Structure formats: structure tokens, C-alpha cells
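Novice: using only what follows, build the 3D model:
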Amino acid sequence: MSDAAEPEPTPDAEVDAEAGTNAGPAGERRTVSDPAALKALAHPLRLKILRHLAVSGPATSTTLAAALGENTGTLSYHLRRLERGGFIEDVPERPNSRERWWRAVRGLDVRRPAQDEMTDGERAVAGALDRMRLDEDIELARRFTEEQAESEGWMRGSRSLSHLTKEEVTAFHDAYLDLLTRFARGPEDAPSDARPVLLRWFALPAER
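Specialist: A predicted model of the protein is given here:
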């Protein structure tokens with residue numbers, strides 16, 4: 001199933017396009033296997049920071065603090081963690097600003113290793129991230145159900161069933177990522193009538 005109801009996750013070789021802001025030129029594919037990088041994502045405020053940058057574009061710690069209701073010291077710490085994880089970077093077009101401007105790194109296709117390739121510690125961190133995402137996804141599914149009729153075509157979705165091999169599931173998943181790359185665009189590049197749209201897809205075997 002995919003739906004356009006409602007920033008970057010999925011099955012085994014998991015991809016978090018929102019976290020890597022698949023916005024920008026064709027994605028540089030990077031597997032997130034370093035525990036420190038996984039931990040950089042597994043924090044609710046850092047997920048909010050990445051979402052804000054993906055939706056609204058570059059920001060400083062001051063503008064992020066105002067938008068997210070946090071103090072600048074707290075924001076600066078979490079921004080540094082995201083920078084060390086490779087998820088955000090300085091905006092080069094604003095080198096003389098009194099404050100650092102941050103943007104999500106463009107063109108990343110952030111992939112977790114397959115479950116059987118991760119250590120117990122990495123699986124624990126990935127599980128914590130998944131649990132943080134789950135509540136949001138449940139709320140998005142509720143919104144999709146309740147608001148689709150009044151969305152004027154902005155909410156789209158489909159459900160299907162097929163009989164696939166494991167290799168074909170992987171091929172379908174990769175084709176979906178290629179489609180995301182084709183339509184990837186950040187807020188700075190979006191036309192005036194564009195809106196930020198959150199996308200979800202997952203697959204799982206049907207019970208017999």
C-alpha cells in the first residue's frame with residue numbers, strides 16, 4: 001500500500017527517504033550502518049528538526065527553536081548530532097550570516113542494513129526509531145481515512161495483493177525508490193502550487 005496522505009521508512013534494507021531528504025539530484029545511496037548515525041535519527045526532537053527542514057527549508061537554531069518550541073542551546077546540540085551523522089549541512093549560499101543556516105543533506109537515500117546484518121545494539125536503536133515512527137503513521141492512516149474525501153485530490157492511495165518471490169519484493173521496493181528519486185524536490189526548488197506531501201509504502205506476506 002502507498003498513500004500520499006502523510007519527512008525519511010520500511011522493511012529489511014530499510015530506506016528513510018524523508019530523513020535523508022531525497023530532495024535534490026539523483027540520490028547518492030548511503031547505507032546507515034554506524035550506530036552513532038542510527039542514534040542520531042532515533043530521537044524525537046531530531047526527527048522534528050529533519051521534518052521541519054524538509055518541509056520549510058533552511059533554518060537557524062533560532063528559527064528552529066521558535067518553530068519547535070525549544071531553546072536554542074538544546075537545538076544547537078541536536079543539530080550538531082545530526083551534522084555528525086551526515087544528515088544536515090551548512091547552507092553554502094549564506095557563509096556570512098551571523099548564525100549558521102542548516103539544511104538537510106540533499107540527494108541521500110539513507111538505507112539501513114538488513115536486519116540479519118545488524119548487531120544487537122543496532123537492531124535495538126533501529127527498533128526505537130521504528131516505535132517513534134509508528135504512532136505518527138497510525139495518525140496518518142486515521143487522517144487519510146477521515147479526510148480523504150475533502151482533500152481535493154491531495155490524498156491518494158492504493159491497496160493491492162500479488163504473489164511475489166522475495167527477489168521480486170526487493171525489485172518492487174527498489175522501483176519505488178527510483179520513483180521517489182524521480183519526483184524528489186526540496187522546498188527551495190518547488191513551484192508555488194506545490195505542497196509538502198508525505199509518502200509511505202510497506203509490504204508484508206499475507207497470512208494464509
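
Novice: from the contact counts, what lies against the longest helix seen in the chain?
Specialist: For the chain, the longest helix by residue count, based on DSSP state H, is helix 120-147. Counting by 3 or more Cβ pairs under 8 Å, 6 or more residues apart in numbering; DSSP states H and E, the packing neighbours recorded for helix 120-147 are strand 2-3, helix 35-41, helix 44-56. From N, CA and C alone the C-beta is placed, and that goes for glycine too.

Novice: just how off-centre is the helix or strand just after that helix within its chain?
Specialist: Using DSSP states H and E, the helix or strand that follows helix 120-147 towards the C-terminus is strand 157-158. Relative to its chain's centre, strand 157-158 lies at 20 Å (Cα atoms, centre = their mean, to the nearest Å).

Novice: tell me the strands beside strand 157-158, with direction?
Specialist: strand 2-3 (antiparallel) (DSSP bridges).

Novice: taking the mean pLDDT, what do you get for the partner strand?
Specialist: With pLDDT averaged residue by residue, strand 2-3 scores 36.

Novice: what about the chain, any weak spots by pLDDT?
Specialist: Within the chain, the segments meeting pLDDT under 70 span 1-35, 95-97, 107, 109.

Novice: just to revisit the earlier point, got the angle for the longest helix of the chain vs helix 44-56?
Specialist: If you take axes from the mean of the first three to the mean of the last three Cα atoms, to 10 degrees, helix 120-147 sits at 50 degrees to helix 44-56.

Novice: now helix 120-147: how far from the chain's centre is it?
Specialist: 12 Å.

Novice: equivalent analysis for stretch 141-150, please.
Specialist: The answer for stretch 141-150 is 21 Å, by Cα atoms, centre = their mean.

Novice: again with stretch 165-173
Specialist: Distance of stretch 165-173 from the chain centroid (Cα atoms, centre = their mean) equals 22 Å.

Novice: show me what counts as buried in it.
Specialist: For stretch 165-173, a neighbour-count test (16 or more other Cβ atoms under 10 Å) marks 169, 173 as buried.

Novice: give the contact list for residue 126.
Specialist: By Cβ atoms under 8 Å, 6 or more residues apart in numbering, the residues touching residue 126 are 14, 38, 42, 112, 118.

Novice: now those residues in JSON lines, with distance to residue 139 and neighbour count?
Specialist: Below are the contacts of residue 126 laid out as JSON lines (distance: Cβ to Cβ, whole Å; neighbours: other Cβ atoms under 10 Å):
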{"residue": "14", "distance to residue 139": "20", "neighbour count": "19"}
{"residue": "38", "distance to residue 139": "24", "neighbour count": "22"}
{"residue": "42", "distance to residue 139": "19", "neighbour count": "20"}
{"residue": "112", "distance to residue 139": "23", "neighbour count": "27"}
{"residue": "118", "distance to residue 139": "28", "neighbour count": "17"}
